[in-house]
Structure formats: structure tokens, C-alpha cells
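Novice: The following comprises the amino acid sequence and a computationally predicted model.
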Amino acid sequence: MKTLVSPALAAACLAAASLAPLPAHALFGDDEARKAIIDLRTKVEANQKENAAQLDSKASQKSVLELANQNEQLRQEIAKLRGQVEVLTNELANAQQRQKDFYVDLDNRLRKLEPQRVTVDGKEISVDPAEQKSYDAAMAAFNGGDYKSAAAALADFVKRWPQSGYVANAQYMLGNSYYALRDYRNAITAHQAIVKNFPDHPKAADAMLTIATCQLELKDRAATKKTLESLVAKYPGTEAAQTAKERLAILK
């Protein structure tokens, strides 16, 4: 007895068969498929490595660039600091030099205000700066031939510094200034102060000789003779005493 298949069932079976997947070898062979997959994987891995290398290279380049920028900034800061250090060093050196100059100037000023030790006629004396200046000015006037100014300056010196180590010399030069001006009376007075107040002064004998000369200029022969005799008796052995003897011989 034959089994009959309905047309509907046959159509369904045909449709199902048409929807079933085809075997791989229906598209390409198994070897070719494996090769294609391996190639694809190789390309993917190569691309991944290349991308990673590129990323590493870019990151490295970026790091190097950043480090270079940082180093440049540090160099600029160091250069700036060096410049500041040089400026500060120069300012310090200048300040130290100014301080040194200040103390040197101050020391010089103080020295000028302090009494100085000088030697006058073989004796060491202490002289005030103002005293020294006044005496030097008076002597400069005398040596310059300005006897009027010298006389005024020397008279002022004797009055202002009566205890000065220069006072005997000032008194003697005062008498010489008056004598140069032919003011014989004041010359006698000035030199008599030498003989009276400084009898041991090296110029005392010369002062007496000048007194006798002035007296002779004033036509006072008696006073002249008396002074010369006193000079010979008081300062024997001096050049002034020898000159006095010669003049006494003339006056007789």
C-alpha cells in the first residue's frame, strides 16, 4: 500500500532545505579560510604594535620636549639669579668701599683736629691744628715779603697762643717784621720780650743785637752801647757777641 505525501508537506520540506546553511567549502576551501584568518590576525597585531610604538614615540617626544622646556626655564632662572647675585655683589663692594672711604675720611678729619707732635729748635712740642695753621700763615706772609700782614698775624698768634711752643719764634719774627717795616720802637719792644721771657732761646742773642741796631737807628748811642755790652756779657762765644764786640770798638 503506497503512502501518499501531501503537496503542502512537500513544499514545507523544500523550503526548510533551502534555508539550511551551506558548508564552508561551498564558499572557499578550508585552507584558504585558515590562511585568511591568520593573515588578518597578523595585520591586526602589526597594526596594534605600530600604533603602540607611535604612541610611545609621541609620548617620548612630548616628554623630551617638556624636559627641554623645563631645562630652558631653569637656565633662564639661573641666569637671572646670577645677574642678581652680580648686582648684589657689586652693590656690596661699593657699599664696603664707601664705608672704608668714610672711615678714612673720618680718621683724617679727626687727625686734623688732634694735636700734632713737631720739633722746634730741637724740642718736641704738641701743636694744635689751628695753632699750626695760624703760625704757618704768618710765616708765609713774612717769607713772601708782606711784612705788614706778617706783623699783624704774628702779633695775633702771640696773643692767642701765649703758651705755644712756637710763641718764642713768633715773637722773634714779629720783631723782625717791625724792623723790616722800619718800625724800630716796636721792633725793640718785640725783641726785648724774647730776652726777658725766653733768655735761653737760640735767637735771644740775635734779638739783643737787633735791639742795639734799632737803638742806633734811633740815634741813641748810649742805649746802643749798653745793649752791646750786655750782649757780650750774657751770651759770650756767640756770633752775635762777636759782632757786638766789633761794633763796640767802632763806637769808642
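Specialist: Perfect, thanks for sending it.
Novice: Flag the shaky bits of this protein, pLDDT-wise.
Specialist: 1-30, 55-60, 106-115 (pLDDT under 70).
Novice: Which parts of it are helices?
Specialist: 7-19, 30-113, 129-143, 147-160, 167-180, 184-197, 204-217, 221-234, 239-251 (DSSP state H).
Novice: Buried ones in the third one, by neighbour count?
Specialist: Taking 16 or more other C-beta atoms under 10 Å as the neighbour-count basis, helix 129-143 is seen to contain the buried residues Glu131, Gln132, Ser134, Tyr135, Ala138, Met139, Ala141, Phe142. To be clear about C-beta, it is placed using only N, CA and C from the backbone, and glycine gets the same treatment.
Novice: before we move on, what about the fourth one?
Specialist: Using 16+ other C-beta under 10 Å as the burial criterion, the residues of helix 147-160 that qualify are Tyr147, Ser149, Ala150, Ala151, Ala153, Leu154, Ala155, Phe157, Val158.
Novice: Contact partners for the third one?
Specialist: To tie it back to what came earlier, the one meant is Ala150. Ala150 makes contact with Ala138, Met139, Ala141, Phe142, Met173, Ser177, according to C-beta atoms under 8 Å, 6 or more residues apart in numbering.
Novice: May I ask which two of the buried residues of helix 147-160 are separated the most?
Specialist: Using C-beta to C-beta, these span at most 15.9 Å, a distance reached by Tyr147 and Val158.
Novice: re the thing from before, considering the buried residues of helix 147-160, which is situated nearest to Gln116?
Specialist: Using C-beta to C-beta, those come closest to Gln116 at Phe157, 16.5 Å.
Novice: wouldn't that closest one be in contact with Ser134 here?
Specialist: Yes - judged on C-beta atoms under 8 Å, Phe157 makes contact with Ser134 at a distance of 5.3 Å.
Novice: Okay, domains of this structure per the record?
Specialist: In terms of domains, the chain is parsed into 30-106, 116-251 (source: automatic domain parsing).
Novice: gap between the residue nearest the centre of the chain and Thr89?
Specialist: Centroid check for the chain by C-alpha atoms, centre = their mean gives Gln97 as the closest residue, at 2.9 Å. Gln97 is 13 Å from Thr89, where distance means C-beta to C-beta, to the nearest Å.
Novice: which residues touch Val167?
Specialist: Phe157, Val158, Trp161.
Novice: what's the burial count for Ala180?
Specialist: Ala180 has 15 neighbouring residues, counting by other C-beta atoms under 10 Å.
Novice: Would you check that it makes contact with Tyr147?
Specialist: Yes - Ala180 lies in contact with Tyr147 (C-beta under 8 Å); the separation is 4.3 Å.
Novice: Just to check, Arg160 is in contact with Ala138?
Specialist: No - counting by C-beta under 8 Å, Ala138 is not a contact partner of Arg160; they are 11.0 Å apart.
Novice: Can you say which of the domains of the chain is packed in most?
Specialist: Across the domains of the chain, averaging neighbours per residue (mean count of other C-beta atoms under 10 Å) puts domain 116-251 on top, at a mean of 17.
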